[in-house]
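Student: below is the sequence, then the predicted model.
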Number of protein chains: 2
Amino acid sequence: MTYTIKEVATKVGLTAYTLRFYDKQGLLPFVGRDQSGYRDFTEGDLHLLHTIICLKNTGMPISHIRQYIDYVMQGPQSIEQRRQLLNTHREAILAQQVKIMANLKEIDFKLDMYSDPAASELVNEELAQAKAEKEAEGLPDPFILVD
Amino acid sequence: MTYTIKEVATKVGLTAYTLRFYDKQGLLPFVGRDQSGYRDFTEGDLHLLHTIICLKNTGMPISHIRQYIDYVMQGPQSIEQRRQLLNTHREAILAQQVKIMANLKEIDFKLDMYSDPAASELVNEELAQAKAEKEAEGLPDPFILVD
DNA sequence: ATAAACCTTAGAGTATTGTCTAAGGCAAGT
DNA sequence: ACTTGCCTTAGACAATACTCTAAGGTTTAT
(Lines give C-alpha, C1' and ligand atoms only; values in the text may rest on other atoms or scores of the structure.)
Protein backbone atom coordinates (compact mmCIF):
# COMPACT_ATOMS: atom_id res chain seq x y z
CA MET A 1 0.00 0.00 0.00
CA THR A 2 1.31 3.47 -0.89
CA TYR A 3 -0.03 6.97 -0.26
CA THR A 4 -0.53 10.12 -2.31
CA ILE A 5 0.83 13.44 -1.13
CA LYS A 6 -2.63 14.54 0.02
CA GLU A 7 -3.19 11.37 2.03
CA VAL A 8 0.18 11.78 3.68
CA ALA A 9 -0.50 15.44 4.39
CA THR A 10 -3.75 14.53 6.16
CA LYS A 11 -2.10 11.65 8.01
CA VAL A 12 0.76 13.75 9.43
CA GLY A 13 -1.01 17.09 9.82
CA LEU A 14 0.93 19.06 7.23
CA THR A 15 -0.26 20.53 3.94
CA ALA A 16 0.70 19.09 0.55
CA TYR A 17 2.44 22.43 -0.06
CA THR A 18 4.65 21.91 2.95
CA LEU A 19 5.51 18.35 1.92
CA ARG A 20 6.53 19.57 -1.55
CA PHE A 21 8.52 22.34 0.10
CA TYR A 22 10.31 19.78 2.27
CA ASP A 23 11.02 17.70 -0.82
CA LYS A 24 12.49 20.78 -2.56
CA GLN A 25 14.67 21.32 0.50
CA GLY A 26 16.06 17.81 0.13
CA LEU A 27 14.23 16.31 3.10
CA LEU A 28 12.42 13.63 1.10
CA PRO A 29 14.98 12.14 -1.34
CA PHE A 30 13.65 8.67 -0.51
CA VAL A 31 10.13 9.27 -1.84
CA GLY A 32 9.53 7.49 -5.17
CA ARG A 33 7.29 8.43 -8.10
CA ASP A 34 4.62 6.45 -9.90
CA GLN A 35 4.32 6.20 -13.69
CA SER A 36 2.67 9.62 -13.89
CA GLY A 37 5.45 11.29 -11.93
CA TYR A 38 3.28 11.51 -8.80
CA ARG A 39 4.93 11.02 -5.43
CA ASP A 40 4.35 7.56 -3.97
CA PHE A 41 4.86 7.31 -0.18
CA THR A 42 5.54 3.86 1.26
CA GLU A 43 5.06 2.93 4.94
CA GLY A 44 8.81 3.21 5.38
CA ASP A 45 8.70 6.71 3.90
CA LEU A 46 6.05 7.62 6.48
CA HIS A 47 8.34 6.32 9.19
CA LEU A 48 11.18 8.52 8.02
CA LEU A 49 8.82 11.48 7.58
CA HIS A 50 7.73 10.94 11.15
CA THR A 51 11.33 11.28 12.27
CA ILE A 52 11.65 14.47 10.23
CA ILE A 53 8.57 15.86 11.96
CA CYS A 54 9.98 14.95 15.39
CA LEU A 55 13.11 16.91 14.58
CA LYS A 56 11.07 19.82 13.22
CA ASN A 57 8.79 19.82 16.28
CA THR A 58 11.78 20.07 18.57
CA GLY A 59 13.07 23.11 16.70
CA MET A 60 15.72 21.66 14.43
CA PRO A 61 16.26 23.88 11.36
CA ILE A 62 15.61 22.33 7.94
CA SER A 63 19.30 22.50 7.02
CA HIS A 64 20.19 20.22 9.93
CA ILE A 65 17.33 17.84 9.22
CA ARG A 66 18.64 17.61 5.66
CA GLN A 67 22.04 16.69 7.04
CA TYR A 68 20.46 13.93 9.10
CA ILE A 69 18.52 12.60 6.11
CA ASP A 70 21.69 12.70 4.02
CA TYR A 71 23.32 10.50 6.65
CA VAL A 72 20.37 8.11 6.62
CA MET A 73 20.61 7.79 2.83
CA GLN A 74 24.24 6.76 3.21
CA GLY A 75 23.31 3.68 5.20
CA PRO A 76 24.96 2.17 8.29
CA GLN A 77 28.35 3.81 7.68
CA SER A 78 26.98 7.13 8.99
CA ILE A 79 25.62 5.81 12.28
CA GLU A 80 28.22 7.61 14.38
CA GLN A 81 27.52 10.93 12.63
CA ARG A 82 23.78 10.45 13.12
CA ARG A 83 24.32 9.70 16.77
CA GLN A 84 26.40 12.84 17.19
CA LEU A 85 23.89 15.01 15.34
CA LEU A 86 20.94 13.72 17.38
CA ASN A 87 22.87 13.95 20.63
CA THR A 88 23.87 17.55 19.96
CA HIS A 89 20.24 18.32 19.19
CA ARG A 90 19.13 16.55 22.35
CA GLU A 91 21.43 18.73 24.43
CA ALA A 92 20.12 21.84 22.67
CA ILE A 93 16.53 20.86 23.44
CA LEU A 94 17.30 20.30 27.12
CA ALA A 95 19.19 23.58 27.40
CA GLN A 96 16.25 25.35 25.77
CA GLN A 97 13.86 23.69 28.23
CA VAL A 98 15.88 24.96 31.16
CA LYS A 99 15.88 28.47 29.75
CA ILE A 100 12.15 28.41 29.09
CA MET A 101 11.39 27.11 32.58
CA ALA A 102 13.51 29.86 34.15
CA ASN A 103 11.61 32.46 32.14
CA LEU A 104 8.29 30.83 32.93
CA LYS A 105 9.05 31.21 36.62
CA GLU A 106 9.26 34.97 36.13
CA ILE A 107 6.03 35.00 34.19
CA ASP A 108 4.43 33.02 37.02
CA PHE A 109 5.67 35.64 39.44
CA LYS A 110 3.85 38.30 37.43
CA LEU A 111 0.77 36.09 37.26
CA ASP A 112 0.81 35.72 41.03
CA MET A 113 0.93 39.47 41.38
CA TYR A 114 -1.95 39.99 38.95
CA SER A 115 -3.98 37.32 40.78
CA ASP A 116 -3.44 38.95 44.19
CA PRO A 117 -6.53 40.58 45.71
CA ALA A 118 -4.41 43.70 46.13
CA ALA A 119 -3.13 43.55 42.53
CA SER A 120 -4.30 47.06 41.79
CA GLU A 121 -2.33 48.46 44.72
CA LEU A 122 0.79 46.49 43.81
CA VAL A 123 0.64 47.65 40.21
CA ASN A 124 0.04 51.22 41.30
CA GLU A 125 3.10 51.06 43.49
CA GLU A 126 5.28 49.90 40.59
CA LEU A 127 3.75 52.55 38.44
CA ALA A 128 4.34 55.31 41.01
CA GLN A 129 7.98 54.30 41.25
CA ALA A 130 8.42 54.26 37.46
CA LYS A 131 6.75 57.66 37.21
CA ALA A 132 8.91 59.11 39.99
CA GLU A 133 12.03 57.85 38.25
CA LYS A 134 10.99 59.41 34.97
CA GLU A 135 10.31 62.69 36.72
CA ALA A 136 13.67 62.58 38.52
CA GLU A 137 15.38 62.23 35.15
CA GLY A 138 13.38 65.04 33.62
CA LEU A 139 11.61 62.64 31.28
CA PRO A 140 7.92 62.89 30.37
CA ASP A 141 5.49 60.39 31.91
CA PRO A 142 4.60 57.87 29.21
CA PHE A 143 1.82 56.18 31.17
CA ILE A 144 -1.59 57.31 30.01
CA LEU A 145 -3.94 56.64 32.88
CA VAL A 146 -7.57 56.74 31.78
CA ASP A 147 -8.30 55.46 35.28
CA MET B 1 21.02 56.91 36.62
CA THR B 2 19.95 56.22 33.04
CA TYR B 3 21.40 54.10 30.23
CA THR B 4 22.13 54.57 26.55
CA ILE B 5 20.87 52.09 23.99
CA LYS B 6 24.30 50.52 23.69
CA GLU B 7 24.63 50.07 27.45
CA VAL B 8 21.21 48.46 27.60
CA ALA B 9 22.03 46.22 24.65
CA THR B 10 25.14 44.95 26.43
CA LYS B 11 23.26 44.57 29.71
CA VAL B 12 20.45 42.44 28.27
CA GLY B 13 22.36 40.59 25.56
CA LEU B 14 20.63 42.11 22.56
CA THR B 15 22.03 44.42 19.88
CA ALA B 16 21.17 48.11 19.66
CA TYR B 17 19.65 47.23 16.27
CA THR B 18 17.26 44.80 17.90
CA LEU B 19 16.27 47.28 20.60
CA ARG B 20 15.48 49.90 17.94
CA PHE B 21 13.54 47.23 16.05
CA TYR B 22 11.52 46.44 19.17
CA ASP B 23 10.87 50.15 19.66
CA LYS B 24 9.64 50.39 16.04
CA GLN B 25 7.32 47.47 16.77
CA GLY B 26 5.81 49.37 19.67
CA LEU B 27 7.42 47.30 22.42
CA LEU B 28 9.19 50.24 24.09
CA PRO B 29 6.68 53.13 24.22
CA PHE B 30 7.84 53.87 27.79
CA VAL B 31 11.43 54.74 26.87
CA GLY B 32 12.08 58.47 27.07
CA ARG B 33 14.47 60.69 25.09
CA ASP B 34 17.12 63.11 26.27
CA GLN B 35 17.53 66.65 24.88
CA SER B 36 19.38 65.30 21.83
CA GLY B 37 16.60 62.85 20.99
CA TYR B 38 18.66 59.91 22.28
CA ARG B 39 16.84 57.08 24.06
CA ASP B 40 17.19 57.27 27.84
CA PHE B 41 16.52 53.97 29.66
CA THR B 42 15.62 54.20 33.35
CA GLU B 43 15.89 51.29 35.79
CA GLY B 44 12.13 50.84 35.53
CA ASP B 45 12.48 50.64 31.75
CA LEU B 46 15.05 47.87 32.18
CA HIS B 47 12.59 46.05 34.39
CA LEU B 48 9.90 46.20 31.73
CA LEU B 49 12.40 45.26 29.03
CA HIS B 50 13.29 42.25 31.12
CA THR B 51 9.66 41.17 31.09
CA ILE B 52 9.57 41.64 27.32
CA ILE B 53 12.63 39.40 27.00
CA CYS B 54 11.02 36.74 29.21
CA LEU B 55 8.01 36.69 26.93
CA LYS B 56 10.24 36.62 23.85
CA ASN B 57 12.36 33.80 25.28
CA THR B 58 9.28 31.72 25.87
CA GLY B 59 8.21 32.11 22.27
CA MET B 60 5.60 34.84 22.44
CA PRO B 61 5.30 36.65 19.10
CA ILE B 62 6.05 40.37 19.04
CA SER B 63 2.42 41.21 18.26
CA HIS B 64 1.29 39.61 21.53
CA ILE B 65 4.08 41.21 23.51
CA ARG B 66 2.93 44.55 22.12
CA GLN B 67 -0.57 43.78 23.33
CA TYR B 68 0.81 43.10 26.82
CA ILE B 69 2.82 46.31 26.81
CA ASP B 70 -0.23 48.24 25.63
CA TYR B 71 -2.07 46.87 28.65
CA VAL B 72 0.78 47.88 30.96
CA MET B 73 0.69 51.42 29.59
CA GLN B 74 -3.01 51.62 30.47
CA GLY B 75 -2.29 51.15 34.16
CA PRO B 76 -4.13 49.06 36.75
CA GLN B 77 -7.42 49.00 34.82
CA SER B 78 -5.98 46.33 32.50
CA ILE B 79 -4.82 43.90 35.18
CA GLU B 80 -7.46 41.30 34.32
CA GLN B 81 -6.52 41.40 30.62
CA ARG B 82 -2.84 41.10 31.49
CA ARG B 83 -3.58 38.13 33.70
CA GLN B 84 -5.53 36.44 30.94
CA LEU B 85 -2.87 37.10 28.33
CA LEU B 86 -0.08 35.76 30.54
CA ASN B 87 -2.13 32.79 31.62
CA THR B 88 -2.96 31.84 28.05
CA HIS B 89 0.72 32.12 27.24
CA ARG B 90 1.61 30.01 30.25
CA GLU B 91 -0.70 27.25 29.05
CA ALA B 92 0.80 27.47 25.56
CA ILE B 93 4.31 27.10 26.98
CA LEU B 94 3.34 24.05 29.01
CA ALA B 95 1.55 22.43 26.07
CA GLN B 96 4.62 23.08 23.93
CA GLN B 97 6.81 21.49 26.60
CA VAL B 98 4.69 18.36 26.60
CA LYS B 99 4.87 18.15 22.82
CA ILE B 100 8.62 18.65 22.78
CA MET B 101 9.15 16.05 25.49
CA ALA B 102 7.06 13.51 23.58
CA ASN B 103 9.12 14.15 20.46
CA LEU B 104 12.34 14.02 22.44
CA LYS B 105 11.41 10.55 23.63
CA GLU B 106 11.32 9.38 20.04
CA ILE B 107 14.67 11.00 19.34
CA ASP B 108 16.03 9.26 22.42
CA PHE B 109 14.73 5.98 21.05
CA LYS B 110 16.74 6.58 17.86
CA LEU B 111 19.76 7.55 19.93
CA ASP B 112 19.48 4.32 21.89
CA MET B 113 19.43 2.39 18.66
CA TYR B 114 22.46 4.22 17.28
CA SER B 115 24.30 3.65 20.56
CA ASP B 116 23.60 -0.08 20.56
CA PRO B 117 26.65 -2.29 19.89
CA ALA B 118 24.56 -3.95 17.17
CA ALA B 119 23.49 -0.58 15.68
CA SER B 120 24.77 -1.50 12.26
CA GLU B 121 22.66 -4.65 12.17
CA LEU B 122 19.56 -2.85 13.41
CA VAL B 123 19.93 -0.10 10.82
CA ASN B 124 20.56 -2.67 8.10
CA GLU B 125 17.36 -4.43 9.06
CA GLU B 126 15.33 -1.23 8.76
CA LEU B 127 17.04 -0.52 5.48
CA ALA B 128 16.36 -4.00 4.09
CA GLN B 129 12.70 -3.61 4.95
CA ALA B 130 12.49 -0.18 3.32
CA LYS B 131 14.23 -1.52 0.21
CA ALA B 132 11.93 -4.56 0.02
CA GLU B 133 8.90 -2.31 0.27
CA LYS B 134 10.17 -0.07 -2.52
CA GLU B 135 10.81 -3.13 -4.69
CA ALA B 136 7.35 -4.53 -3.96
CA GLU B 137 5.84 -1.25 -5.17
CA GLY B 138 8.00 -1.22 -8.30
CA LEU B 139 9.84 1.87 -7.06
CA PRO B 140 13.57 2.42 -7.52
CA ASP B 141 15.86 2.00 -4.49
CA PRO B 142 16.85 5.51 -3.35
CA PHE B 143 19.49 4.35 -0.85
CA ILE B 144 22.97 4.74 -2.25
CA LEU B 145 25.14 2.37 -0.25
CA VAL B 146 28.84 3.12 -0.66
CA ASP B 147 29.31 0.52 2.03
C1' DA C 1 -15.80 13.24 -24.13
C1' DT C 2 -15.86 16.13 -20.70
C1' DA C 3 -15.90 17.73 -16.00
C1' DA C 4 -14.03 17.19 -11.42
C1' DA C 5 -10.46 16.27 -8.70
C1' DC C 6 -6.25 14.92 -8.42
C1' DC C 7 -1.09 15.53 -9.49
C1' DT C 8 3.31 18.14 -11.37
C1' DT C 9 6.78 22.24 -11.63
C1' DA C 10 8.64 26.90 -11.33
C1' DG C 11 8.50 30.67 -9.21
C1' DA C 12 6.15 34.56 -6.87
C1' DG C 13 4.46 36.24 -2.47
C1' DT C 14 4.05 36.45 2.67
C1' DA C 15 5.13 36.59 7.63
C1' DT C 16 8.38 37.01 11.13
C1' DT C 17 12.41 38.65 13.13
C1' DG C 18 16.00 40.67 12.77
C1' DT C 19 20.47 43.10 10.66
C1' DC C 20 22.61 46.54 8.36
C1' DT C 21 23.48 50.85 5.43
C1' DA C 22 23.16 55.67 4.45
C1' DA C 23 22.88 60.18 5.75
C1' DG C 24 23.19 63.08 9.18
C1' DG C 25 23.16 65.21 14.17
C1' DC C 26 25.51 65.57 18.85
C1' DA C 27 29.30 65.50 22.44
C1' DA C 28 33.90 65.03 24.10
C1' DG C 29 38.87 65.19 23.59
C1' DT C 30 43.05 67.31 21.31
C1' DA D 1 38.20 73.28 14.31
C1' DC D 2 38.27 68.54 13.76
C1' DT D 3 38.27 63.64 14.62
C1' DT D 4 36.14 59.93 17.05
C1' DG D 5 32.43 57.73 18.63
C1' DC D 6 28.25 57.92 19.96
C1' DC D 7 23.23 58.66 18.63
C1' DT D 8 19.06 59.31 15.17
C1' DT D 9 15.87 57.84 11.15
C1' DA D 10 14.22 55.55 6.98
C1' DG D 11 14.51 51.98 4.49
C1' DA D 12 17.02 48.14 2.15
C1' DC D 13 18.42 43.35 2.74
C1' DA D 14 18.43 38.67 4.68
C1' DA D 15 17.22 34.18 6.63
C1' DT D 16 13.66 30.95 7.62
C1' DA D 17 9.67 28.58 6.66
C1' DC D 18 6.14 28.32 4.46
C1' DT D 19 1.93 29.36 1.15
C1' DC D 20 0.03 30.00 -3.01
C1' DT D 21 -0.56 30.85 -8.20
C1' DA D 22 -0.10 29.60 -12.92
C1' DA D 23 0.13 26.45 -16.39
C1' DG D 24 -0.35 22.10 -17.51
C1' DG D 25 -0.72 16.72 -17.26
C1' DT D 26 -3.52 12.46 -15.22
C1' DT D 27 -7.35 9.78 -13.49
C1' DT D 28 -12.01 8.76 -12.66
C1' DA D 29 -16.87 9.12 -12.96
C1' DT D 30 -20.75 10.11 -15.70
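Tutor: Received, thanks.
Student: and stretch A:129-143, how far out from the chain's middle?
Tutor: Offset of stretch A:129-143 from its chain centre (CA atoms, centre = their mean, to the nearest Å): 39 Å.
Student: contacts for it, please.
Tutor: A:127, B:2, B:29-33, B:40, B:42-44, B:48, B:73, B:75 (CB atoms under 8 Å, 6 or more residues apart in numbering or on different chains). (C-beta placed from N, C-alpha, C; glycine too.)
Student: and the residues you listed, which two are furthest apart?
Tutor: B:Thr2 and B:Gly75 (22.7 Å; CB to CB).
Student: more crowded one of these two?
Tutor: Taking other CB atoms under 10 Å in any protein chain shown, B:Thr2 and B:Gly75 do not tie; B:Thr2 has more neighbours (22 against 17).
Student: tell me if I'm right that the more buried one and B:Phe41 touch.
Tutor: Yes - assessed by CB atoms under 8 Å, B:Thr2 is found in contact with B:Phe41 at 6.0 Å.
Student: pLDDT at the spatially most central residue of chain A, what is it?
Tutor: For chain A, A:Gly59 is the residue whose C-alpha lies nearest the centre (CA atoms, centre = their mean; 3.9 Å). pLDDT, A:Gly59: 98.
Student: is it in a helix, a strand, or coil?
Tutor: The three-state assignment at A:Gly59 reads coil, by DSSP: H, G, I helix; E, B strand; the rest coil.
Student: test my guess that it contacts A:Gln96.
Tutor: Yes - using CB under 8 Å as the test, A:Gly59 is close enough to A:Gln96 to be in contact (7.0 Å).
Student: which helix in chain A runs the most residues?
Tutor: Secondary structure assigned by DSSP state H gives helix A:79-115 as the longest helix of chain A.
Student: in that one, what counts as buried?
Tutor: Neighbour counts over helix A:79-115 (16 or more other CB atoms under 10 Å in any protein chain shown) mark A:79, A:82-83, A:85-86, A:89-90, A:93, A:100, A:103-104, A:106-107, A:110-111, A:113-114 as buried.
Student: do you know how far A:Glu80 is from B:Val8?
Tutor: 45 Å (CB to CB, to the nearest Å).
Student: brain fart, A:Leu46
Tutor: 49 Å.
Student: so between the two, which is more surrounded?
Tutor: Neighbours were counted for A:Leu46 and for B:Val8 using other CB under 10 Å; B:Val8 has more, 20 against 15.
Student: residue boundaries of the helices in chain A?
Tutor: So, for chain A - with DSSP H - the helices run A:5-12, A:16-24, A:43-57, A:62-73, A:79-115, A:119-136.
Student: what is the neighbour count of the nearest residue to A:Leu48 once chain neighbours are set aside?
Tutor: Using CB to CB, 6 or more residues apart in numbering or on different chains and skipping residues adjacent in sequence, the residue nearest A:Leu48 is A:Phe30, 6.1 Å away. Using other CB under 10 Å, A:Phe30 is surrounded by 20 other residues.
Student: next: A:Ile144.
Tutor: A:Ile144 has 10 neighbouring residues, counting by other CB under 10 Å.
Student: residue contacts, the residue lying closest to it once chain neighbours are set aside?
Tutor: Spatial nearest neighbour of A:Ile144, chain neighbours left out: B:Met73 (6.3 Å); criterion: CB to CB, 6+ apart. Counting by CB under 8 Å, 6+ apart, B:Met73 touches A:142-144, B:29-30.
Student: kindly report the residues of chain A close to DNA strand D.
Tutor: Residues of chain A lying near DNA strand D by CB under 7 Å from any atom of the strand: A:15, A:17-18, A:20-21, A:34-37, A:56, A:61-63.
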